[in-house]
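Asks: Next input, structure requested:
(2 chains)
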There are 2 protein chains.
Amino acid sequence: MVLFRRLLGDVLRSHRMRQGRTLRQLSGDARVSLGYMSEIERGQKEASSELLASICSALDVPLSEILSEVADAVALEEAAMAVRLETVELGSVPIATEDPRGDVVASAA
Amino acid sequence: MVLFRRLLGDVLRSHRMRQGRTLRQLSGDARVSLGYMSEIERGQKEASSELLASICSALDVPLSEILSEVADAVALEEAAMAVRLETVELGSVPIATEDPRGDVVASAA
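Replies: Next up, the predicted model:
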């Protein structure tokens, strides 16, 4: 199952790191506790819509841009899941392979 | 402030209605209570990532497609907000106007 909060966390973290900001700086600007901000980035906690707006504002990135990037990341995972499902349905014995980015795209069950 | 859950609710409702399904049918398929499903569609409750995945599955629409549509809707609201802000900054007196869909796009304060 592709979880929104996990990919949202990845996208938020990548923006923060590209800006060279620490988790502490961002959590201060977004008025969220350091621990909570960290859990959101790791996809362990859901961010409320108000908090998400506040984090986007602190990052100075439009919410629409964040959501668009999350949608793209979700689409990639959905495609990877479809490939895995197809492999299982074909009854073949998949071998762990790596795509050019180094991600495992299919692995033996 | 543009709230994710409100536009998510709009997108989910539009898919359900296009499929000619009732709130009761969808809530049953997604295994969520009727009242909660209704609140999600009206943007009054946040859907957890697991519930969002379950609703997308019940609608048979990829999560990536839903998120992409929400991102587009958010972008439209952000643009409308920017226009309103600009109008206020210019000091003009905006007049309530309606766009072709009947939505008020700018109104006098």
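
Asks: Just the mean pLDDT for stretch A:13-30, thanks.
Replies: Mean per-residue pLDDT for stretch A:13-30: 98.

Asks: CA atoms of that stretch as CSV?
Replies: Coordinates of each C-alpha in stretch A:13-30 appear next as CSV, following Å, rounded to 0.1, in the frame of the first residue of the first chain:
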residue,chain,number,x,y,z
ARG,A,13,12.7,16.6,3.7
SER,A,14,14.2,17.0,0.3
HIS,A,15,13.1,20.7,0.1
ARG,A,16,14.4,21.4,3.5
MET,A,17,17.8,19.8,2.7
ARG,A,18,18.1,21.6,-0.6
GLN,A,19,17.7,24.8,1.3
GLY,A,20,20.4,23.8,3.7
ARG,A,21,18.2,24.2,6.7
THR,A,22,18.1,22.0,9.8
LEU,A,23,15.1,20.2,11.2
ARG,A,24,15.3,22.6,14.2
GLN,A,25,15.3,25.7,12.1
LEU,A,26,12.3,24.5,10.0
SER,A,27,10.3,23.3,13.0
GLY,A,28,10.8,26.8,14.6
ASP,A,29,9.7,28.6,11.5
ALA,A,30,6.7,26.3,11.0
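
Asks: near chain B, anything from it?
Replies: No. Legend: contact between stretch A:13-30 and chain B by C-beta under 8 Å from any C-beta of the partner chain is lacking; minimum distance shown is 13.2 Å. (Each C-beta comes from the backbone N, C-alpha and C, glycine too.)

Asks: Show me what counts as buried in that stretch.
Replies: A:13, A:15, A:16, A:21, A:26, A:27, A:30 (16 or more other C-beta atoms under 10 Å in any protein chain shown).
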